[in-house]
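Asker: just the structure for this:
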Amino acid sequence: MAEHASVQYETASGNDLAQHEATYQGFLQFVKWSVGATVLVLVLMAVVLV
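Answerer: Residues are numbered from 1 along each chain as shown. Down below sits the predicted model:
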């Protein structure tokens, strides 16, 4: 039968907390602007279409 070698997992070396924080802040900005744009579109649809 075939031998199944053990899986070796590598961990990230170093501390990249600053990069994680920057990515999270970018995500929050994206969510904030997406929600704002969605609300704006819905309000405009309510005004124009109704």
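Asker: so where's the protein shaky on pLDDT?
Answerer: Within the chain, the stretches with pLDDT under 70 are 1-2, 8-13.
Asker: in what helix or strand does the most centrally placed residue in it lie?
Answerer: In the chain, the residue lying closest to the centroid (Cα atoms, centre = their mean) is Phe27, at 5.0 Å. Using DSSP states H and E, Phe27 sits in helix 17-49.
Asker: for that helix, what is the distance to the chain centroid?
Answerer: Its chain's C-alpha centre and that of helix 17-49 lie 12 Å apart, by Cα atoms, centre = their mean, to the nearest Å.
Asker: that older thread, how far away is the residue nearest to the centre of the chain from Val50?
Answerer: Distance, Phe27 to Val50, using Cβ to Cβ, to the nearest Å: 34 Å. Quick note: C-beta positions are derived from backbone N, CA and C, even for glycine.
Asker: do Lys32 as well
Answerer: On the measure of Cβ to Cβ, Lys32 and Val50 end up 27 Å apart.
Asker: who has more neighbours, the two?
Answerer: Ranked by neighbour count (other Cβ atoms under 10 Å), Lys32 and Val50 place Lys32 first, with 10 against 5.
Asker: dump the residue contacts of the more buried one.
Answerer: Neighbouring residues of Lys32 by Cβ atoms under 8 Å, 6 or more residues apart in numbering: there are none.
Asker: Tyr24 versus that one, what's the distance?
Answerer: 13 Å.
Asker: ok, Leu17 next?
Answerer: Taking Cβ to Cβ, one finds Leu17 at 10 Å from Tyr24.
Asker: repeat for Leu42
Answerer: Taken as Cβ to Cβ, the span from Leu42 to Tyr24 is 27 Å.
Asker: check Ala5 too.
Answerer: 36 Å.
Asker: between those two, who's got more neighbours?
Answerer: Ranked by neighbour count (other Cβ under 10 Å), Ala5 and Tyr24 place Tyr24 first, with 10 against 6.
Asker: number of nearby residues for Leu28?
Answerer: 10.
Asker: let me see the contact set for it.
Answerer: Contacts of Leu28 (Cβ under 8 Å, 6+ apart): none.
Asker: over to Ala37?
Answerer: Counting by Cβ under 8 Å, 6+ apart, there are no residues that Ala37 touches.
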